[in-house]
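>>> quick check, what structure comes out for this input:
(one chain, ligands or ions: 2)
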Amino acid sequence: MNDYYAILGLAKGCSQDEVKAAYRKASRAHHPDIVGHTPAAEERFKQINAAYEVLSDPKKREMFDLGVDPLAPGGGRGGGDPFAGFGAGAGFAGFGDIFEAVFNATSAGAGQRGPLPRAARGRDQLERLTIDLADTVFGATQTVSYNTYLTCSNCGGSCCAQGSEPVRCPACQGRGVRERLVRSLLGTMRTMDPCRQCQGHGTQIPSPCPECSGSGRVRGRRSIEVDIPAGVETGNRLRLTGEGEAGPAGGPAADLYVEFSVRRHPDFTREGDDLLADLAIPMTAAALGATILVETLDGPRDVVVRPGSQPGATVVLEGLGVGRLGQRGRGDLKVRLDVRVPQNLDDSQRELLRRLASERGEERPPAATSSAAGGVFTRLKDKLSGR
Ligand SMILES: [Zn+2]
Ligand SMILES: [Zn+2]
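Residues are numbered from 1 along each chain as shown. Ligands and ions are numbered 1, 2, ... in the order given. Next comes the predicted model:
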């Protein structure tokens, strides 16, 4: 039997969107008009189309998932039977049936004793939500709109047109399975196959609901309010139970996962629960000390620069960082001082600085090794001499 998932490079349980995307990609890459009209290319392209025909149709896909090839001649007898016609004489079944019996014993539909319920849980879905840094600092509420499956409002998930209801499948008398006795060289074997008339459900829907084509659900858009917890980071996911796809035939809704992506902020970066920011200050403010009003996410706050602050020194504003995820309290805002040396001095400014240098005996900078405080060169020398 063809593995339609493998042909499109998909995994069982993939979404319809993934089927569509994989089909588009494969049909473009393997189109005979592009790769040449060789028999192998034509066959490959045929397989890709067959895979799409099965996987894009919920009914055919369901059959296939049960181990039945909906495209195989004769309504799906395992497909591509290599033993067809062999030993088909009266008196005992062909090898093909043995093959099929063994195959079915290991396939997904095996062991199915009763009818399969039509209703099933929907699939979980993932939506990405881009939020501002302030939303993760304080927590926030935001509306998320997304496409999903909704229970059909016309039939309420019953799949039946108004005034009609499902009828018992005449082929299997509502059991959903068909039992067959297969006589073979190995003796008589009993095999159970899902009923092909009702796809194993035991019932048929004589007049499907026109709104949902008998699936019990329709594509639609939903909007919900999402509480963004303080402290979330890019990649964090929030699970919203029962807000995902409605299941087929009135089955329960699955979960919605919201994955957060935090926008970059022009002034603040996050480090754990702390926020980091750079503050450019003139050299004179660093030397003399200053109080500088800055705009934080909490509004204007004073940054106190102590006299003699060095470039790269940090001023900590406690409790102005990011809210701690699932806990109380907030981290800190750490302001790094970016001390700017004045450029383009005019004559009188240059004179003032010269006088300052003269006052401090700094007209000629001290030789590196003579620094009493042990400058970077001194430390380097220590390292070299192994001290
Ligand atoms: Zn409906
Ligand atoms: Zn049936």
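>>> residues in contact with the helix or strand where K334 lies?
Assigned by DSSP states H and E, K334 falls within strand 333-340. The contact list for strand 333-340, computed with CB atoms under 8 Å, 6 or more residues apart in numbering, reads 268, 271, 274-283, 286, 294, 296, 303, 305, 309-317, 320-321. Backbone N, C-alpha and C define where each C-beta goes, glycine included.
>>> that one pairs with which strands, and in what direction?
strand 274-282 (parallel), strand 314-317 (antiparallel) (DSSP bridges).
>>> may I see the buried residues of the first one?
Pointing back at strand 274-282 there. Neighbour-count burial for strand 274-282, counted by 16 or more other CB atoms under 10 Å, picks out D274, L275, L276, A277, L279, I281.
>>> quick check, nearest of the residues you listed to D57?
L275 (52.3 Å; CB to CB).
>>> partner residues bridging that closest one?
Applying DSSP bridges to L275 yields these beta-bridge partners: R270, L333.
>>> element containing the most centrally placed residue in the chain?
Residue closest to the average C-alpha location in the chain (CA atoms, centre = their mean): L126, at 5.2 Å. Assigned by DSSP H and E, L126 belongs to strand 125-131.
>>> same question for V304.
strand 299-305.
>>> can you list contacts of that strand?
279, 281, 285-286, 289-294, 315, 317, 320, 335, 337.
>>> which of these are buried? Put it as a PyMOL command.
Provided next is the PyMOL selection string for whichever of those are buried by 16+ other CB under 10 Å:
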select buried, resi 279+281+285+286+290+292+315+317+320+335+337
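>>> looking at the contacts of strand 299-305, spot the one nearest E42.
Distances from E42 to the contacts of strand 299-305, taken by CB to CB, are shortest for L320, at 67.2 Å.
>>> wait, that closest one sits on T296?
Yes - the criterion here is CB atoms under 8 Å, and L320 meets it with T296 at 5.4 Å.
>>> enumerate every residue touching the residue nearest to the centre of the chain.
R237, L256, Y257, V258, E259.
>>> now the strands paired with strand 333-340 as a markdown table including mean pLDDT and distance to N49?
Output for the strands paired with strand 333-340, formatted as a markdown table (pLDDT from 0 to 100; distance: least, CB to CB, whole Å):
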| stretch | mean pLDDT | distance to N49 |
| --- | --- | --- |
| strand 274-282 | 97 | 55 |
| strand 314-317 | 97 | 63 |
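>>> could you dump those strands to TSV with distance to A29?
Putting the strands paired with strand 333-340 into TSV (distance: least, CB to CB, whole Å) gives the following:
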stretch	distance to A29
strand 274-282	46
strand 314-317	54
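>>> turn those into JSON lines, including distance to ligand 1.
Shown next, in JSON lines, are the strands paired with strand 333-340 (distance: least, CB to the ion, whole Å):
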{"stretch": "strand 274-282", "distance to ligand 1": "51"}
{"stretch": "strand 314-317", "distance to ligand 1": "58"}
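>>> am I right that A21 is in a strand?
No - with DSSP: H, G, I helix; E, B strand; the rest coil as the criterion, A21 is located in helix rather than a strand.
>>> can you check the pLDDT for it?
A21 is assigned a predicted lDDT (pLDDT) of 89.
>>> R239 bridge partners, please.
Here R239, judged by DSSP bridges, has bridge partners Y257.
>>> quick check, it in contact with V226.
No - taking contacts as CB under 8 Å, R239 lies outside contact range of V226: 11.1 Å.
>>> of these two, which one has the most company?
V226 (19 against 11; other CB atoms under 10 Å).
>>> okay, the residue in the stretch 251-387 of the chain that ligand 1 sits nearest to and P194: tell me how far apart.
Closest to ligand 1 within the stretch 251-387 of the chain is G251: 13.3 Å, counting by CB to the ion. Counting by CB to CB, to the nearest Å, the gap from G251 to P194 is 19 Å.
>>> more neighbours, the two?
Between G251 and P194, counted using other CB under 10 Å, P194 has the larger neighbour count: 27 against 20.
>>> where's that one relative to T143, distance?
From P194 across to T143, the span is 43 Å (CB to CB).
>>> likewise K59?
Remark: distance between K59 and T143 (CB to CB) = 35 Å.
>>> who in the stretch 101-250 of the chain is up against ligand 2?
Applying CB under 5 Å from the ion, we find that the stretch 101-250 of the chain lies next to ligand 2 at C169, A171, C172, C195, Q197, C198.
>>> neighbour-wise, which of those leads?
Counting neighbours by other CB under 10 Å, C198 comes out on top of those with 25 neighbours.
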